[in-house]
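Predicted model, plus sequence, below.
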Protein chains: 2
Amino acid sequence: MALIKLLREAGDCHFTAEQLHELAAKSGQRISLATVYNALHQFTEAGLVREIVVDSGSSYFDTNTSDHHHFFFEDRRALEDIEGNDVVISALPEPPEGTTVDRVDIVIRVKPSH
Amino acid sequence: MALIKLLREAGDCHFTAEQLHELAAKSGQRISLATVYNALHQFTEAGLVREIVVDSGSSYFDTNTSDHHHFFFEDRRALEDIEGNDVVISALPEPPEGTTVDRVDIVIRVKPSH
DNA sequence: AAACTGTTTAGAACCATTCTAATCAGTTGA
DNA sequence: TCAACTGATTAGAATGGTTCTAAACAGTTT
């Protein structure tokens, strides 16, 4: 519950478990990192947050659960939402026999201009 | 060199470091997993393979380095190429100030029908 | 053939994530 | 009122994918 409150206060944002743990610590919450992970999994299952896979090595979570895509800043390893309908896909292949599409993830990886 | 030969023989495919290590072991190569990782990083840098991030928890590599996208089978945790121009993006947002697009990754996550 | 140098290798360390057993809180029954 | 029971919550310890670093190797020079 304390974590939900923290996320509500933070508004739409992207974060790792580690970062949320730090935020909780700063706000005086004495919570272990394992508990943060447990909570985040429950939040994901409940549809409160969305997990985004962009970086092997650590998972990112997003409090914005609406259908949208992301910029990923390779230097800072940070995420940013892509506004509304800035990405338009005009053709998608049929999913293979016996499967249905669960989600389409688009990540635009950007780096500092030279 | 032995790893490159193995990948050549296997043709276009997707694999984890663990899987390549097993393949090498089966072909009689006595190589540690760490060496496989070292080699894969060099291969990636040299443009011989491409790293694909779809699954927090383990990295996937792809011997097909041409510009293409993927199906990801959530149940089997396996990848499959999407043929040629089956994905058409008709609108992409401008990258944020001071950055340039490095790559656009599209992953269609599929699961078994019902 | 000893000394030196850059390359290759893998054992050990690292760290993000998960597991499991302990703690806690709430409820029942004596 | 409070022990016994039950499910929810928590975090310490274990796990496992990945990286680091120091050792082994090979090739070259003196």
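Thanks, I have the structure now. None of these values were measured; they are calculated from a predicted model.

Could you look up the SS state of the residue of chain A most remote from its centre?
Residue farthest from the centre of chain A, counting by CA atoms, centre = their mean, is A:E97 at 29.4 Å. Classification of A:E97 by DSSP: H, G, I helix; E, B strand; the rest coil places it in coil.

Contacts only, for it.
If you count contacts by CB atoms under 8 Å, 6 or more residues apart in numbering or on different chains, A:E97 has none. The C-beta positions use only the backbone N, C-alpha and C, and glycine is treated the same way.

who's in contact with the nearest residue to A:Y60 once chain neighbours are set aside?
Spatially, and ignoring its direct neighbours in sequence, A:Y60 is nearest to A:I52 (4.6 Å; CB to CB, 6 or more residues apart in numbering or on different chains). For A:I52, the residues meeting the contact criterion (CB under 8 Å, 6+ apart) are A:14, A:59-62, A:70, A:79, A:105.

now the residues you listed in CSV, with neighbour count, pLDDT and secondary structure?
Converted to CSV, these look like this (neighbours: other CB atoms under 10 Å in any protein chain shown; pLDDT from 0 to 100; DSSP: H, G, I helix; E, B strand; the rest coil):
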residue, neighbour count, pLDDT, secondary structure
A:H14, 20, 96, strand
A:S59, 18, 95, coil
A:Y60, 22, 97, strand
A:F61, 21, 97, strand
A:D62, 19, 97, strand
A:H70, 23, 97, strand
A:L79, 20, 96, strand
A:D105, 18, 95, strand
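
Can you tell me which of those is closest to A:S27?
Within the contacts of A:I52, proximity to A:S27 (CB to CB) peaks at A:F61, which comes in at 17.6 Å.

quick one, what contacts A:R77?
With contacts defined as CB under 8 Å, 6+ apart, A:R77 is in contact with A:D55.

same check, this time on the one 4 residues further on
By CB under 8 Å, 6+ apart, the contact list for A:D81 reads A:12, A:62, A:64, A:68-71.

Up against chain B, what does chain A have?
By the rule CB under 8 Å from any CB of the partner chain, the part of chain A lying against chain B is A:51, A:53-56, A:58-59, A:71, A:73-74, A:80, A:82-83, A:85-93, A:95-96, A:98-113.

quick one: the strands in chain A?
In chain order, chain A shows strands spanning A:14-15, A:50-52, A:60-62, A:70-73, A:78-81, A:88-91, A:99-112, with DSSP state E as the criterion.

which residues sit in contact with the spatially closest residue to A:A39 that is not a sequence neighbour?
Nearest residue to A:A39 in three dimensions, chain neighbours excluded: A:L3, at 5.1 Å (CB to CB, 6+ apart). For A:L3, the contact set (CB under 8 Å, 6+ apart) comprises A:20, A:24, A:29, A:31, A:36, A:39, A:43.

re earlier: select only the buried ones of the contacts of A:D81 in ChimeraX?
Only the buried entries of those go into this ChimeraX selection, using 16 or more other CB atoms under 10 Å in any protein chain shown:
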select /A:62,68,69,70,71
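
Take the contacts of A:D81 and write them to JSON lines, including distance to B:G47.
Below are those laid out as JSON lines (distance: CB to CB, whole Å):
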{"residue": "A:D12", "distance to B:G47": "37"}
{"residue": "A:D62", "distance to B:G47": "31"}
{"residue": "A:N64", "distance to B:G47": "35"}
{"residue": "A:H68", "distance to B:G47": "31"}
{"residue": "A:H69", "distance to B:G47": "26"}
{"residue": "A:H70", "distance to B:G47": "25"}
{"residue": "A:F71", "distance to B:G47": "24"}
